[in-house]
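S.K.: would you be able to build a 3D model of this:
(one chain, ligands or ions: 2)
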Amino acid sequence: MRIVTGGEMQNADQYTMDHIGLDGRILMENAGRAAALRLMEDYAGRKFTVLVGSGNNGGDGFVISRTLLEAGFEVTVCIIPGEDRFSGDSEYHKTILEKSGFGWKRYDREDLEKADIIVDAMLGTGLYGEIREPYLTVIRDVTDSGKRVVSIDLPSGVPAAEETVPESALRADHTIILQQPKLSFYLYPARDYYGDSEVLQIGIPKRAIDEVAHSHRFEWTLADTGKHWLKRSASSHKGSHGKVGLIAGNDMMPGAAVMSAGAAVKSGAGLTMVNTVKSAVPVIASRLPEATFYDRDQSLEGFYKGKDAVAVGPGIGTGSDSREMVVDLVDNFDGPLLIDADGLNQFGDILPLVRNRKAPTVITPHPGEMAKLIDSTPAKVNGARFETAEKYARNNGIYVVLKGPYTIVATPDGRTFVNITGNSGLAKGGTGDALTGIILSFLAHYDDVQTAVSSAVFMHGHTADHLLERGIAASSMTASGIIDYMETAFNILDNMQGR
Ligand SMILES: NC(=O)C1=CN([C@@H]2O[C@H](COP(=O)(O)OP(=O)(O)OC[C@H]3O[C@@H](n4cnc5c(N)ncnc54)[C@H](O)[C@@H]3O)[C@@H](O)[C@H]2O)[C@@H](O)CC1
Ligand SMILES: [K+]
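M.R.: Residues are numbered from 1 along each chain as shown. Ligands and ions are numbered 1, 2, ... in the order given. The predicted model follows:
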C-alpha cells in the first residue's frame, strides 16, 4: 500500500477531479459515509459531538453528521470557525445537511460534555504551520474533557509528513485514515497521537495516486511477503537453498555469532559457514551443530569464494582487523554483501569503494549507528528517518535498513518499504543479530534484493508478534526465543493460501 504526504494526497484528490472527472463532492460524500458507517458499527446507541473545521476535513464532518443523524443517532454538530469561512465542497455539504432538515451550532465547550464520542473533523492534510486559534483552545478543551476522540484522516494538528509534532496537537483514541496512510503514521511521536487506526477507502482511483506520488513509499505487508514467499520444493538439496557466509563473534561476543548463524539456519539457508576466532568455535558449535566454521586467521578469499551471500559484523569488535575484512569484502566479494553492527564502524570512510561495487550492498544500522555514519545524533536521525535512510541509500547506491519501530528499507533506486510487524520485545540485545541472519539467508534465496530484505524484516517482527500473541511478555522476549519460534512463524507462510 502506498504511503503519502499531505501534498501528495491533495494532488491525488485534484487529479481525480480534473483528469478522471470524479467530483470532489462525491469523494467527500464517500469519505464521510465510510467514516460514519464505521462509527455506527463501533458506537451503536452512543451520543456524538462532531467538531467541524473550516476546510475539507470539516466537510467530511458535515457528511458524517448527516449520515449519523439520518440513522437516528443523537449528534451535536459544532462549527469551529465563523459560518462565512465555509466554501467549495465543504459549503456544499453544509447546505445538504441543512436542507435535509438538520442543524448545526457554533462550538461551545459544553457541547463536549453532552457527548460520549467526540469526532474530530477539524484539521486534516491541509494543516500548515503552528496550530492557531480557535483550534488551539478547542483541542485543549477536548483533551481536558477526557472523552473518547475519533479523528478523521489525521488527529488535528498532527502533520501528515515527516515534521515535528506540536505538543498542542490532539491525541486521538482512534483515527479513521482516508484512502492512503500518511507518512507520519510510521513515525514517533506522531504515531502515538493516532491511537488505534485503520485506513478506509473513499474511491480515489489507484491511478490517481500512482500518477502524483513522487515519493514511492510503500507498506510491506503479509500479502507482499506471502506473494514472494519461496517454498522449498520436494526435489531440492542443501545446495539449492544457498550457501551463506557469516563473519561474526569473537572471544568476548560468541553469542552474536550464535544468534545470527542460528537465525540463518532457521530461515532456510542450505549451508551456513561461520567465520570466527578459533577460541569461539566450541561455544558456537555446541549451540549450533548445523554450522560449519572457518578460522578467522585464514585468508578471507577462501571463505567468501563460492558463497551466495555474505554478512559481516555481529560481535566482531571494532578493531582494525574488522575494518580490513570489510574493506576486503567490499572490494573483492562479488555477491550480495550485508554489513551490520561492528562492520559499520568507519564505514563512512570506505564509501567510495562501496559505490564502486557491482553486486548489492545492504547495511542494517539502528539510529545510533546511522547517526555515526552521517555525523549526526540519534534524535536527529529519528526526527527525519525517511529522509535520512532514503538519501543515504540513493547517494551511495546501497540498501539501507534503518531499524526501529517501523523499520525502513530504502533502495538505491529511490523506493522505500516500511515494515509493519514487530513489538517492543525486539528492543533488546541480540535481536539485531537474529535479523542479520534472516536477511543473509534470504539474500541467498531471493533474486530481488529488496524483496529479500523486506521479507526478512517482516518475518523477524512477525515471529516476535506471534510470541506476544502466545502470551510471552515483551519484556521477557529474547533473541533466542524468537529464533526458536521461527519454525512456527515460517510455517504460517508456507501454508498461506492464495499466493
Ligand atoms: N476533495 C478533497 O479534497 C477531499 C478532501 N478530504 C478531506 O479534506 C482534508 C484536506 O482538506 P483541506 O485541504 O481543505 O485542509 P484541512 O481541512 O485539513 O485544513 C484546512 C483548513 O485549516 C486551516 N488551517 C490550516 N493550518 C492551520 C493551523 N496551523 N492552525 C489553524 N488552522 C489551520 C486552513 O485555514 C483551512 O481553513 C483531508 O484531510 C480529508 O479529510 C476528503 O473529504 C476527501 C476529498
Ligand atoms: K482531523
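S.K.: next secondary structure element downstream of the helix or strand that contains N395?
M.R.: Using DSSP states H and E, N395 sits in helix 385-396. For helix 385-396, the following helix or strand on the C-terminal side (DSSP H and E) is strand 399-402.
S.K.: check contacts around the residue of the stretch 201-350 of the chain found nearest ligand 2.
M.R.: Ligand 2 sits closest to I202 of the stretch 201-350 of the chain, with a gap of 14.5 Å, by C-beta to the ion. In this view, the C-beta of every residue, glycine as well, is placed from N, C-alpha and C. By C-beta atoms under 8 Å, 6 or more residues apart in numbering, the contact list for I202 reads 27, 30-31, 34, 178-179.
S.K.: if we can go back for a sec, mean confidence score for the helix holding N395?
M.R.: Average pLDDT, helix 385-396: 97.
S.K.: need the contact list for E8.
M.R.: If you count contacts by C-beta under 8 Å, 6+ apart, E8 has them with 209, 212-215.
S.K.: is the host helix or strand of it in proximity to ligand 2?
M.R.: Secondary structure from DSSP H and E places E8 in helix 6-15. No. Helix 6-15 does not reach ligand 2 (C-beta under 5 Å from the ion); its nearest approach is 11.9 Å.
S.K.: so where is the stretch 101-250 of the chain shaky, pLDDT-wise?
M.R.: 232-241 (pLDDT under 70).
S.K.: quick check: closest non-adjacent residue to T411.
M.R.: Q450 (5.2 Å; C-beta to C-beta, 6 or more residues apart in numbering).
S.K.: of the contacts of E8, buried ones?
M.R.: 209, 212-213, 215 (16 or more other C-beta atoms under 10 Å).
S.K.: what does the stretch 101-250 of the chain put close to ligand 1?
M.R.: 123-132, 135, 152-153, 178, 202 (C-beta under 6 Å from any ligand atom).
S.K.: which pair of the residues you listed spans the longest distance?
M.R.: Largest separation among these by C-beta to C-beta: E130 and I202, giving 28.7 Å.
S.K.: against ligand 1, how distant is V326?
M.R.: Distance, V326 to ligand 1, using C-beta to the nearest ligand atom, to the nearest Å: 46 Å.
S.K.: what's the biggest helix in this protein, counting residues?
M.R.: helix 449-469 (DSSP state H).
S.K.: my guess is A359 contacts F333, does it?
M.R.: Yes. With contact defined as C-beta atoms under 8 Å, A359 reaches F333; the gap is 7.3 Å.
S.K.: give me the more crowded residue out of the two.
M.R.: Neighbours per residue (other C-beta atoms under 10 Å) separate A359 from F333, with F333 holding more: 22 against 13.
S.K.: excluding its backbone neighbours, what's nearest that one?
M.R.: Excluding its sequence neighbours, the residue lying closest to F333 (C-beta to C-beta, 6+ apart) is Y304, at 4.6 Å.
S.K.: confidence score at that neighbour?
M.R.: 97.
S.K.: that older thread, doesn't the residue of the stretch 201-350 of the chain closest to ligand 2 lie inside a helix?
M.R.: No. Assigned with DSSP: H, G, I helix; E, B strand; the rest coil, I202 falls outside any helix and is coil.
S.K.: gap between it and D60?
M.R.: I202 is 9 Å from D60, where distance means C-beta to C-beta, to the nearest Å.
S.K.: joint contacts of these two?
M.R.: Taking C-beta under 8 Å, 6+ apart as the criterion, I202 and D60 both touch 31, 178.
S.K.: circling back to that earlier point, near ligand 1 at all, whatever helix or strand comes next after the helix holding E8?
M.R.: Remark: after helix 6-15, the chain's next helix or strand is helix 24-42, criterion DSSP H and E. Yes. Counting by C-beta under 6 Å from any ligand atom, ligand 1 is contacted by helix 24-42 at 24, 27-28, 31.
S.K.: before we move on, the earlier item: emit the PyMOL select command for whichever of the residues of the stretch 101-250 of the chain next to ligand 1 are buried.
M.R.: Buried subset of these, written as a PyMOL selection, criterion 16+ other C-beta under 10 Å:
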select buried, resi 123+124+125+126+127+131+135+152+153+178+202
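S.K.: give me the subset of the residues of the stretch 101-250 of the chain next to ligand 1 lying in helices.
M.R.: Y135.
S.K.: closest one to L402 out of the residues of the stretch 101-250 of the chain next to ligand 1, please.
M.R.: Closest to L402, out of all of those and judged by C-beta to C-beta, is T125, at 25.0 Å.
S.K.: neighbours of E113, how many?
M.R.: Residue neighbour count, defined by other C-beta under 10 Å, stands at 10 for E113.
S.K.: and if you look at G262?
M.R.: Neighbourhood size, G262 [other C-beta under 10 Å]: 25.
S.K.: try T49
M.R.: Per other C-beta under 10 Å, the neighbour tally for T49 reads 25.
S.K.: likewise for the one 10 residues further on?
M.R.: Close neighbours of G59, defined as other C-beta under 10 Å, add up to 30.
S.K.: quick one: low-confidence parts of the stretch 351-499 of the chain?
M.R.: 497-499.
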